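Visitor: Provided below are the primary sequence and the corresponding predicted coordinates.
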Amino acid sequence: MTDGAPYVSLVLAACDHDASPILLISMLADHTRNIVADDRVSLLFDGTAGLAEPLTGARATVQGRARRSEEPRHRARYLARHPSAAMYAGFRDFGFYRVEIERAHLVAGFGRIHWVEATQVVQPSPEALIGRESDIVEHMNTDHADAVDLYASALLGRAGAGWRMTGVDTEGADLRREGETARLEFARPVEDAEAARAELVRLVRVARNKAGA
């Protein structure tokens, strides 16, 4: 709170190309008022859902400073990740914030705990790829929807059809189906649209071989 006491709230987050969290929050909310007064934030990303022993699951606490953003890419990436937010994203009291990461506390299970600095978390993405992201995503969802479903089922073990690609960056692609999300990792970082296309084609082959096995 603004008096210095800790305050915790639940928010939806997306990520910029470099892994910086993006938030969409309202000035009517206490957490936004706190950020205006003191822009230091701490975000917990919890990967323990569904585990019989949650303490064995992965989670990360990201610390940084939340800055108001008018960057169109931040809006686009957030709404691709959380399409239902489009119904209130234009409200005057709502705004997008990008968290400039300062460090993170990673827990991968019992005894696997590390503090890491921002340079180990933030991964700058080449402009050649950032500028073509929307083209890649639209092409995959429009012309290769079957491939996106195949990535989800054969490579990621996710059920159901109707998966969509919501973003692509140097290290992989983000998928979504209704309220479920998944991450498709690339074998190696890609630097531009052509390299991303080649990797997505390779992953289709891998997925088809796996599905036919």
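Guide: Right, received. Where do you want to start?

Visitor: C-alpha from now on. contacts and neighbour counts both.
Guide: OK.

Visitor: mind checking the SS state of residue 62?
Guide: What DSSP: H, G, I helix; E, B strand; the rest coil gives for residue 62 is strand.

Visitor: I'd guessed it sits against residue 20; true?
Guide: No: if you go by CA atoms under 8 Å, residue 62 and residue 20 don't touch, sitting 9.5 Å apart.

Visitor: Now list whatever residues contact both of those two.
Guide: Common neighbours of residue 62 and residue 20 (criterion: CA atoms under 8 Å, 6 or more residues apart in numbering): residue 101.

Visitor: So if I had to pick from those two, which one is more boxed in?
Guide: Shown here are residue 62 and residue 20; by other CA atoms under 10 Å, residue 62 has more neighbours (25 against 22).

Visitor: Nearest spatial neighbour of that one, chain-adjacent residues omitted?
Guide: Leaving aside its sequence neighbours, residue 62 sits nearest to residue 104 (CA to CA, 6 or more residues apart in numbering; 4.4 Å).

Visitor: Averaged pLDDT, the helix or strand hosting that neighbour. What do you get?
Guide: Assignment of secondary structure by DSSP states H and E places residue 104 within strand 94-107. Regarding strand 94-107, the rounded mean pLDDT is 97.

Visitor: Domain ranges for this structure, per the record?
Guide: 13-124, 128-212 (automatic domain parsing).

Visitor: Endpoints of the longest one, how far apart?
Guide: Length of domain 13-124, first residue to last, CA to CA, to the nearest Å: 19 Å.

Visitor: Number the chain from 46, please
Guide: Right, with 46 as the first residue, what we last looked at is domain 58-169.

Visitor: hang on, the earlier thing: give the next helix or strand downstream of the strand holding residue 149.
Guide: For strand 139-152, the succeeding helix or strand toward the C-terminus, using DSSP H and E, is strand 158-162.

Visitor: what packs against that next one?
Guide: If you count contacts as 3 or more CA pairs under 8 Å, 6 or more residues apart in numbering; DSSP states H and E, strand 158-162 packs onto strand 139-152.

Visitor: what residues are up against residue 159?
Guide: 150-152.

Visitor: Show me where this protein dips below the pLDDT cut-off.
Guide: Across the chain, residues meeting the criterion (pLDDT under 70) sit at 46-47, 258.

Visitor: Show me where it has its strands.
Guide: Listed in chain order, the strands of the chain (DSSP state E) span 58-60, 66-71, 85-92, 103-114, 139-152, 158-162, 209-214, 217-222, 225-230.

Visitor: Please give me every residue in contact with residue 170.
Guide: By CA under 8 Å, 6+ apart, residue 170 lies in contact with 62-63, 214-215, 236.

Visitor: One more pass at 7 Å, please.
Guide: Neighbour list for residue 170: 62-63, 214-215 [criterion: CA atoms under 7 Å, 6 or more residues apart in numbering].

Visitor: Then residue 144?
Guide: Each residue near residue 144 by CA under 7 Å, 6+ apart is listed here: 65-67, 109-112.
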